[in-house]
Structures are given as C-alpha cells and as structure tokens.
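S.K.: What follows is a predicted structure for the sequence shown.
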Protein chains: 2
Amino acid sequence: MSVLKKIEAKLEAMAPGDREIGQYIVGNPDQMLRLSTAALAAEIGRSQSSVVKFSQKLGYASYQELKLAVSEAKAQEWQVPAGVIHGSIEVGDSFQVILKKLIGSKLLSMQQTVAANSERVISRALEMLDGARRIHLVGVGASSLVARDFSYKLMKLGRNVLHDSDSHVQMANVSTLGPGDVLFALSYSGASIETLRIAELARKRGTTVIAVTGLHDNPLSRVADIRLYTIADEERARSSSITARDAQLTLTDLLFILLVQRQPDANDYVHNSEMAVSVLKADRSS
Amino acid sequence: MSVLKKIEAKLEAMAPGDREIGQYIVGNPDQMLRLSTAALAAEIGRSQSSVVKFSQKLGYASYQELKLAVSEAKAQEWQVPAGVIHGSIEVGDSFQVILKKLIGSKLLSMQQTVAANSERVISRALEMLDGARRIHLVGVGASSLVARDFSYKLMKLGRNVLHDSDSHVQMANVSTLGPGDVLFALSYSGASIETLRIAELARKRGTTVIAVTGLHDNPLSRVADIRLYTIADEERARSSSITARDAQLTLTDLLFILLVQRQPDANDYVHNSEMAVSVLKADRSS
DNA sequence: TTGGATTTGGAATAATTTATTCCTTGAAAT
DNA sequence: ATTTCAAGGAATAAATTATTCCAAATCCAA
C-alpha cells in the first residue's frame, strides 16, 4: 500500500499533533516533498522535532526516507493520473489532457482487470482451453471483435477454433458442440440475449462455458462454469465502450500468452503463420 | 525529458569530474536517492562540493531538488516497468511477471503512439474525417478488426461509413469514392498488398487518404495525404501483434473522442445508439 | 612557447537541516 | 492524591548542504 494510503488509514488512531502532520502530508504531498522538517512544522504550527518523530513512528529511518516513500507513492498515482479516475473526458479539455485521461482510463481498466481475476481461475480457464477439442468463441457487437481477435491468435497456435460474427451462425454451430469442447463467451453487460442463449444451450449440451463479463451480477456469468471478469469505467458512456473492450482484450491477450507459455512448439506455429501472411505483404521499399 | 535522459545526453559535454557523477547517477539512481552529497562523493572518490555544484549546473536549486527529479524520473520508468522494454516475455516467467510485462508493453506502445503523432497532424486528420462525405475504412487481418471497431464508433456519431472485412468488397467500394471522401487505411507494416492497392486507387480518384502505419518507411504511408503512426515493440513476435493492435486502437479511440468533442450533438447520437442496442439485452436479473 | 584567462575541482567553512536528548504538561490509571 | 506514561516542544548535537576561496590544469592568443 502506498504511504499516503497508509497514513490516511492510521490518521484516526494518531495523536492530535501527528494527525495534523499526517493530514498535511496526505493533502499536500507535493509541497511536503520540498519542505524541510522545520518548514513543514512551521506550516502547521508544530515543532520541528515532532515531524522527525512522525517519520520514525511510521517506520522510516529518517525524514528523507519518508520523502522518498511519498515521492514513490505519488509516482504510482501518476499511473492512474490524478483526477482521471473521477473525471471523465469533458468537452472543454485540451488535447494534452484528453491524451492523459484516455491513457489513464485504459491503463486503469487493464490493471483492475488483471487484478480482478485470480491466478487460480485463470489457470482453470487455461486448462480448459488447452485441453479443448474445439473452442467456440461468441460475442456480439464490440465483443464480437474481441472474439475474432482471440480466434486469430488461437488459430496461430494451431487450435481448433470456431467463430462467426453472425449470431445465427454462432447458434447453429453450438448444436455441434458437446463435452470436451469449450464455449468462450464475451459480453461486458453479461446480458446480450444471443450470447446468453448460446451459452445456455452449450451448457445443456455438456460443453464447458467460460464467460467474460463485467464484475456485476449478470445472467451470462451465472450460466458459466468459469467466470472471468473485466473492469471498465462504467459510468462514463463516452469512454466505457473503449475501456470495456480494452479490458476484454487484456484478458484474451493474457490467456494467449499463457497458452504460448505452456505449448512448447508454440513459437513454430506462430512463426509459420506469420511467414504465411508475409507472402501477402509488398516489399516495403517498393 | 527525464533528468536521467537529460544527464545522459549531456554526459559527453561534461568535465571529467561531472561526468563521473552523472554516470553514477544514471547508473545507480536508486542508490543515489539515499546518498548524501558527501556519501555520493565518497562513492566515486570526489569532493562533496562537486556534487552540489553538479546539481546546480543542471539547473536545480539544490541537491534535494535533483533528488526529487531523479525520483520522479524513476517513477516514470516504473510506468514502463524496469526490464520490460528490453525483455520480452520468456518461457520461464511467473504469472505475476507476465502480467507486469504485458501491461508494461501495452502501456509503452500507447504512450509512444500518442507521442509519435503531433497535435497538428491529428487535427488535420480530424478536419478531414469531420468534413468527409463518406469515410471508407480498410485494413486486413488484425487491422481489419480495428477498422471495424472504429467504424462502429463513427456510426454511433451518425457518420457515413463504409467497411467490409473482405478486401475484394473493399476494393469494389473504392470505385464509388471521389473527392470529398476519406479513405482511412490501417496496416502496421504499411505493406499489405490489398490495403496498399486500395489506397493507391483511392488516391487516383482524388480521395483523401489517411494512413495509419508503423513508424518506418513504408509504401502505404508514402501514398497517403495524412500519415499517422503507431508504435509497437517490433522485435518480439510474441507480443508484437498485440501491441501493434493496441497502438492502432489507441489512435482510433483518440480520434473518436476528439470527434465527439467537436460534434455538439454527439452525446445524443451515442446515447440513442446505446438505447437502441439495449433492446437486445436481457434483464440482468433474469 | 608563454603569459593571461578561464575552467575545473577540492579544502575549508558557513548555513541549513535533521536527529536526539531532555524536560514539561496533562491525561489516564491506581 | 499519586503514579505512570504518552505527547510534544525547547535545546542541542549531529549531519548534510551550500558557499567561498584557492590551487592546479587547460585553453588561447600573441
């Protein structure tokens, strides 16, 4: 946990003097970094020594160490840039601000998505995908694109994959599935009717269903054998479809890479398929 | 630019003593953060005052300021986790390491991609897209998925969009284009034959061509009126298709958001299209 | 070359900052 | 009421940082 969070958490239990110091640091980390113990003490009307003692009570060897920790904490915060999480992209924003907010939201959804899925569940999903006779990928709308992207990657690994962007075709394909096959269903809402029906049908036929949905209760994940979750900033319609897609891609990319890890000859497959495609490239200098 | 890069750049022009100090800091930023001027001086066998002077020559008011700058620089580095840039995902990597590397590469390509396109070029592209009678999106393979994703978004804004994943159909569509239309062509290599031919044809018909390619010389961007660039970690086949796609998406997402910004009624369009889709959702609790 | 000018960089020292010690105060416990 | 102990500040010691000054090295121009 970052120092700032740690201080914030302990604030309650602190003596009044220490609390004032803590509040100041949490509230003004930037200033604090450029203040000496005496200056900080003056800022809040306390003694210089109390600031030093504050640092030590938190377990740091020196005030400088505390500063380093604060600096680091602020850095981690950059990762999820200040003001980004709670502020959607606004009409008045400058180009630079939009860039920061866009990348910030993307990063946040990626991080939260990987954090939302335990290694255990991921490796169960891997087992299933790895052992599957056939993998059927379903999704509609934007999720369909992610499904297709994942299907390309799985094909590169020589897997037996089924995907069509037309949900009727998807439905028709389900009737050929059975035990030993895997249905990989993507839907951020977890409520897309077509995807849901297909998952239900597959389940009935004994096919293992892996669902990738948002982290809210939803019908699709209730149907599934293995539940994977994606996190996007739901509130903001303007960016939500972007981050929901990024989250899904992060998850499928992760699964792909982990499959490559456990398939010794994966590089050959990938290499061969890339060679094959390169025949369709023009000479770059032509 | 980060202090470390700045120091590295100036290293050449420095006096021997300063160079030694600079090298140490660049090489051991972590240690440096915990060293006093005297300790750092002792470390490399120089005088304490020379360290102070070094800080001042770099334009910092004090050694502490330099430390803050270094700490910040290191923080930015964290964003692109240490070892990620130069290390691809290896077979022996643990789950946690893979997560970090994956997100690290994704973040890096997003950041570098937005940095690679000047605001000027982006706004020219926007002008074109905004004023276009029709927008024709082309791309094959993975780029086709990005093209489709972008086309969905443009449709949400009520734009006149043309896209088909079949390159023959794409080609057929080109013949209906003319001046006032825009061709948006995606290809990381910039050498996909179909996309290239389509772009050439469109150009001949007076259509404005916007190309999104990797940052190397390539035939597609040579044909284009407006050149946008994507950055991916080329070297590593295993992740390159992932980051190339992420870079393309970052760019198209950015364009989409900027279009929303300049279209006053955009929210209505987006809202309406989302309402329309929600008819196809099951009740989440059902 | 040679002699002045400039730069480099260290020693000494001043100034500032940090850490410790010691003491007072006040609140809780007995 | 007395003891105990935590809180917190004043004083001071220790350390770190900044400045000044000077010697040596280096660079130029004549």
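M.R.: Everything's here; your move.

S.K.: can you give me the strands for chain A?
M.R.: For chain A, applying DSSP state E gives strands covering A:135-138, A:161-162, A:182-186, A:208-214, A:226-230.

S.K.: Now do the contacts for A:F95.
M.R.: Residues near A:F95 by Cβ atoms under 8 Å, 6 or more residues apart in numbering or on different chains: B:E119, B:I122, B:L258. Glycine gets a C-beta too; all of them are placed from N, C-alpha and C.

S.K.: Kindly tell me how buried the residue lying closest to the last one once chain neighbours are set aside is, as a neighbour count.
M.R.: The one in question is B:L258. Once flanking residues are discounted, B:L258 sits nearest to B:L126: 5.5 Å by Cβ to Cβ, 6 or more residues apart in numbering or on different chains. Neighbour count for B:L126, taken as other Cβ atoms under 10 Å in any protein chain shown: 17.

S.K.: same thing with A:A244?
M.R.: The burial count assigned to A:A244 is 25, neighbours taken as other Cβ under 10 Å.

S.K.: just A:M155 next, same as before
M.R.: There are 15 residues near A:M155, going by other Cβ under 10 Å.

S.K.: Low-confidence bits of the stretch 151-286 of chain A, can you list those?
M.R.: Applying pLDDT under 70 to the stretch 151-286 of chain A flags the ranges A:233-240, A:264-286.

S.K.: Quick check: phi and psi at A:N218.
M.R.: Main-chain dihedrals, A:N218, degrees, to the nearest 10: phi -160, psi 150.

S.K.: Which positions in the stretch 1-150 of chain A make contact with DNA strand C?
M.R.: Remark: the part of the stretch 1-150 of chain A in contact with DNA strand C comprises A:36-39, A:48-49, A:52-53, A:55-56, A:61-64, using Cβ under 7 Å from any atom of the strand.

S.K.: which one of the residues you listed is nearest chain B?
M.R.: Using Cβ to the nearest Cβ, A:Q64 comes nearest to chain B of these, at 7.7 Å.

S.K.: check contacts around that closest one.
M.R.: A:Q64 touches B:R34, counting by Cβ under 8 Å, 6+ apart.

S.K.: repeat for the one 4 residues further on
M.R.: Contact analysis of A:L68 by Cβ under 8 Å, 6+ apart lists B:L33, B:R34, B:S71.

S.K.: Is it possible to get TSV of those that adds pLDDT and neighbour count?
M.R.: Formatted as TSV, the contacts of A:L68 follow (pLDDT from 0 to 100; neighbours: other Cβ atoms under 10 Å in any protein chain shown):
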residue	pLDDT	neighbour count
B:L33	86	20
B:R34	86	14
B:S71	84	22
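
S.K.: Format these as JSON lines; extra columns: distance to chain A.
M.R.: Listed next are the contacts of A:L68 as JSON lines, based on distance: Cβ to the nearest Cβ, whole Å:
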{"residue": "B:L33", "distance to chain A": "6"}
{"residue": "B:R34", "distance to chain A": "7"}
{"residue": "B:S71", "distance to chain A": "4"}
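
S.K.: A:L35 and A:I44, how far apart?
M.R.: Per Cβ to Cβ, to the nearest Å, A:L35 is found 10 Å from A:I44.

S.K.: On the pLDDT front, check the residue in chain A sticking out farthest from the centre for me.
M.R.: Within chain A, A:S47 marks the point farthest from the mean C-alpha position, 44.6 Å out by Cα atoms, centre = their mean. What the model reports as pLDDT for A:S47 is 85.

S.K.: give me every residue that touches it.
M.R.: Under the criterion of Cβ under 8 Å, 6+ apart, the neighbours of A:S47 are A:A41.

S.K.: ok, A:V146 - contacts?
M.R.: Contacts of A:V146 by Cβ under 8 Å, 6+ apart are A:G139, A:L186, A:R245, A:Q248, A:L249, A:T252.

S.K.: coming back round to it: could you identify the least confident member of the residues of the stretch 1-150 of chain A next to DNA strand C?
M.R.: A:A61 (80).

S.K.: if we can go back for a sec, buried deepest among the strands of chain A, which one?
M.R.: strand A:182-186 (a mean of 29; mean count of other Cβ atoms under 10 Å in any protein chain shown).

S.K.: Near A:P179, how many other residues are there?
M.R.: For A:P179, the count of nearby residues is 9 (other Cβ under 10 Å).

S.K.: quick one, phi/psi of the nearest residue to it once chain neighbours are set aside?
M.R.: Closest residue in space to A:P179, ignoring its immediate chain neighbours: A:G206 at 4.0 Å, by Cβ to Cβ, 6+ apart. Main-chain torsions, A:G206, degrees, to the nearest 10: phi 90, psi 10.

S.K.: mind checking how far A:G206 is from B:A244?
M.R.: 38 Å.

S.K.: So which bits of the stretch 101-250 of chain A are right by chain B?
M.R.: Proximity of the stretch 101-250 of chain A to chain B, by Cβ under 8 Å from any Cβ of the partner chain, involves residues A:102-103, A:106-107, A:110-111, A:114, A:119, A:122, A:140-142, A:145, A:148-149, A:152-153, A:189-194, A:196, A:216-219, A:237-239, A:241-242, A:245-246, A:249-250.

S.K.: Swap in 6 Å and give it another go.
M.R.: When proximity is defined as Cβ under 6 Å from any Cβ of the partner chain, the stretch 101-250 of chain A approaches chain B at A:103, A:107, A:110, A:114, A:119, A:145, A:148-149, A:189, A:191, A:193, A:196, A:218-219, A:242.

S.K.: Of the residues you listed, just say which sits nearest to DNA strand D.
M.R.: Ranked by distance to DNA strand D (Cβ to the nearest atom of the strand), those are led by A:L107 at 33.6 Å.

S.K.: Can you give me the neighbour number for the residue nearest to the closest one when sequence neighbours are not counted?
M.R.: In space, A:L107 comes closest to B:L107 once its chain neighbours are excluded; the distance is 5.7 Å by Cβ to Cβ, 6+ apart. Using other Cβ under 10 Å, B:L107 is surrounded by 22 other residues.
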